[in-house]
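> only the shape, not the letters, is given here:
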């Protein structure tokens, strides 16, 4: 029973929950970026490069063929087009995260730059102020 309590305490810590939320949001953001790259960015880029679809770019090492039993043997190829597309996905995600972290850091700097409110006067200072005011009267 001690292990279950320990696991529950671990799982409910703020950092673990924050990390889980970050991973879920990151996965969703990754899908958005993948769609942006595949559906918005790559088609015009392919047209600019002569109607090339990046996922079709590959270097074929061995063509598809039939074996002696008549079963198809798949082609062996290096799919560098997919690699290019995944690399562009990564660069976009990394740049978006960079901008987000940079924005958060600038907000923290602005928050730290604000002058702190003066501390509340101590009881002695309040008492001395009251004595001073009474003496003035």
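Right, received. Where do you want to start? Here the structure is a predicted model, which means the values were calculated and not measured.

> what does the helix or strand containing residue 43 contact?
Assigned by DSSP states H and E, residue 43 falls within helix 42-48. Residues outside helix 42-48 that contact it (Cβ atoms under 8 Å, 6 or more residues apart in numbering) are 52, 53, 54, 85, 88. From N, CA and C alone the C-beta is placed, and that goes for glycine too.

> mean confidence score for that helix?
Averaged over helix 42-48, pLDDT sits at 80.

> next SSE after it?
Following helix 42-48 toward the C-terminus (DSSP H and E): strand 59-62.

> next SSE downstream of the lengthiest helix in the chain?
Longest helix of the chain, by residue count under DSSP state H: helix 80-113. Sequence order places helix 123-136 as the next helix or strand after helix 80-113, per DSSP H and E.

> neighbouring contacts of that following helix?
So helix 123-136 is contacted by residue 121 (Cβ under 8 Å, 6+ apart).

> please renumber the chain so that the first residue is 356 from this point on.
New numbering, starting at 356: the last item is helix 478-491.
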